[in-house]
Structure formats: structure tokens, C-alpha cells
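In: coords below, sequence missing:
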């Protein structure tokens, strides 16, 4: 299960290979495989028994999904993203299609297990929008009506343990969260291709192909209707014949400058933090006399 959890990519910067690791890669695949394995067991045993869920949990070693994080911040951000993606399995619809009730029960069990299994302290909470909360409540009422008391217990335990954060947006808003929000949106829309650089994506290549065709068509039309020797038509020949190539080079140049700027800013922040740390330890830190 954990093989696809991290995705390693290489890119060139200043003629050096840099390695980029996406710690959330593979989450969707792991979740989908686990959810539908449990769903199959529920169908076989005619009911969403939590014992069936825990058996599959241990068999799949799903609890190890939190392992391998380098620091608290990475663990916290990973847990936030994991919780965001688990919620969709409790919704009444997924990708515009009705979702099976047993899949929704499995999603609720997974929310219950992940919340209490997570290593973060304080615990990461599930962000719930108003319509998401209403669907959770409706699902719990359905479970109570059908006498699925283990599902009802999981919901009540989560609710009384304050596992939910009731919000107006699915992700925190603010300038400092812009990159993370954009990354999440692009991932949900583009899947694996979303982690690629934009100027290397199929979308950008498609736009460049359209520009190339339009430019060639214009150049042919201009050559048919004008005369380069005529002084009155001379201004029509000022256009760059290699316009698309020039445009692509300009885009690459801007992209490289932006990467270099971000690298400088990151190094500066690191240097500032190191200087503060060295200054603190150089003074010996707070002594018991000063406390």
C-alpha cells in the first residue's frame, strides 16, 4: 500500500539535478483500494460491521500511512490533506453519481479510525462545510434507522470528541495558503499531471500549437495580399517570423527567473532562522536564574 505514497521527480536548476518529493502522491489510490476492499466485505457479510473494517485495516497495515514523515510540520500537513480526501467517501454523491451507502459507512469508519490513530497533538480536525455536515447527520440517522449501532457509535464518538471544525471554506484562506490551495485544486483537476510544471504540461503545449497554426495562417495570408517591395506594405513584414519560438523562449526565461527568485527567498529565510538560532545558543539560552 505504501509504495506509491511518495513520488520523486527530478528537474534541472543551474545545471544541477534537484529532487522534488510529493508526500501526498498515492493517497487517492490507497484510499480507493482500501475503501472498496472493505465495501466488498460488507456486501459479503450483509452489513457494515466494524469488526470487518478492523480486520481489513490490520490486514492492509493501513495504520502505517502516517509513518515516514520527517518532522511535525510535514506530518500535520499530510494529515490535513489526508482528512480532506477521506471526506468525499461519506458524501451522498461522488463525481456526480450517487454513492453506495456501504461505501459511505466505510468512509465514516475510516474518518473515525484516522482521527484517533493520527500522531499529531493537538489532533488535526476534519473541516466540515454546512452541506457536508448535513450529509453526515443524514447518514447517522440512516444508520440508526437500520440498527447499525456501530456506525452510530462511531459518529457520536467523533462528534462528542470535537473531531470536526465547522467552517465556511474547505481549506484555510489567506496569502500564505495560496500555493497550497492552488496545488490542491490542480491536483483534483489534473491528477498526476498537476504536479508537472505548467510550461511542460499538455495544456500549454496545446495552446502553443493553436498559436502556431494561427500564426502560420496569418503569415500565408499576408504573403498573398501584400508585397514586401511596396513601401506601403512594409509595416506588415515587421512581425517576428519565429513568433511561437520566441514566445516559448520568453516563457522559459520567466519561469527560470521565478524559480531563482523563490530559491533566493528560501535561502534567505533559512539564513535568518539559523542566525536567530545561533544567536540564541550563543547567549547560552534562558538560564534558571532568569526564569
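Out: In hand now; what should we look at? As the structure is a computational prediction, the values presented were derived from the model and not from experiment.

In: Tell me where the stretch 51-200 of the chain has helices.
Out: Under the criterion DSSP state H, counting those that start in this stretch, the stretch 51-200 of the chain carries helices at the ranges 72-86, 101-117, 130-145, 149-160, 178-190.

In: closest to residue 172 out of those?
Out: Closest to residue 172 of the helices of the stretch 51-200 of the chain is helix 178-190 (Cβ to Cβ; 8.1 Å). (C-beta placed from N, C-alpha, C; glycine too.)

In: got a list of what the closest residue to residue 103 other than its chain neighbours touches?
Out: Residue nearest to residue 103 in three dimensions, not counting chain neighbours: residue 39, with 5.3 Å by Cβ to Cβ, 6 or more residues apart in numbering. Residue 39 makes contact with 100, 102-103, 106 under the criterion Cβ atoms under 8 Å, 6 or more residues apart in numbering.

In: okay if I get those as a markdown table plus distance to residue 208 and neighbour count?
Out: What follows is the contacts of residue 39, written out as a markdown table (distance: Cβ to Cβ, whole Å; neighbours: other Cβ atoms under 10 Å):
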| residue | distance to residue 208 | neighbour count |
| --- | --- | --- |
| 100 | 43 | 14 |
| 102 | 47 | 18 |
| 103 | 42 | 19 |
| 106 | 44 | 26 |
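
In: ok, of those, which one's closest to residue 62?
Out: Among these, and counting by Cβ to Cβ, the member closest to residue 62 is residue 106, at 11.8 Å.

In: In this structure that closest one contacts residue 32, no?
Out: No: the pair residue 106 / residue 32 is not scored as a contact, 11.1 Å apart, by Cβ atoms under 8 Å.

In: mind checking which helix or strand the residue nearest to residue 103 is in?
Out: Element membership of residue 39 [criterion: DSSP states H and E] is helix 27-45.

In: and the chain, what are its domains?
Out: According to automatic domain parsing, the chain comprises the domains 2-195, 198-290.

In: among these, which gets the worst mean confidence?
Out: Per-stretch mean pLDDT for the domains of the chain is lowest at domain 198-290 (a mean of 69).

In: all strands for the stretch 151-291 of the chain, in order.
Out: 164-166 (DSSP state E, counting those that start in this stretch).

In: Give the burial count for residue 201, as a bare number.
Out: Neighbourhood size, residue 201 [other Cβ atoms under 10 Å]: 15.

In: Next: residue 58.
Out: The number of residues packed near residue 58 is 10, by other Cβ under 10 Å.

In: heads up, I number from 207, so please use that
Out: Noted, 207 is the first residue going forward, which turns the last one into residue 264.

In: and the gap between it and residue 291?
Out: As judged by Cβ to Cβ, to the nearest Å, residue 264 and residue 291 stand 22 Å apart.

In: and if you look at residue 230?
Out: Distance from residue 230 to residue 291, by Cβ to Cβ: 8 Å.

In: more neighbours, those two?
Out: More crowded of residue 230 and residue 291, by other Cβ under 10 Å: residue 230, with 20 against 17.

In: which one is that one nearest to, not counting chain neighbours?
Out: Closest residue in space to residue 230, ignoring its immediate chain neighbours: residue 287 at 5.0 Å, by Cβ to Cβ, 6+ apart.

In: what's the answer for residue 296, then?
Out: With sequence-adjacent residues excluded and distances taken as Cβ to Cβ, 6+ apart, residue 296 is closest to residue 313, at 4.0 Å.

In: for the contacts of residue 245, which one is nearest residue 350?
Out: residue 308 (16.0 Å).

In: which residues touch the nearest residue to the closest one once chain neighbours are set aside?
Out: Of all residues not flanking residue 308 in the chain, residue 248 sits nearest, at 4.5 Å (Cβ to Cβ, 6+ apart). With contacts defined as Cβ under 8 Å, 6+ apart, the neighbours of residue 248 are 254-255, 258, 308, 311-312.

In: Thanks again, I'm all set now.
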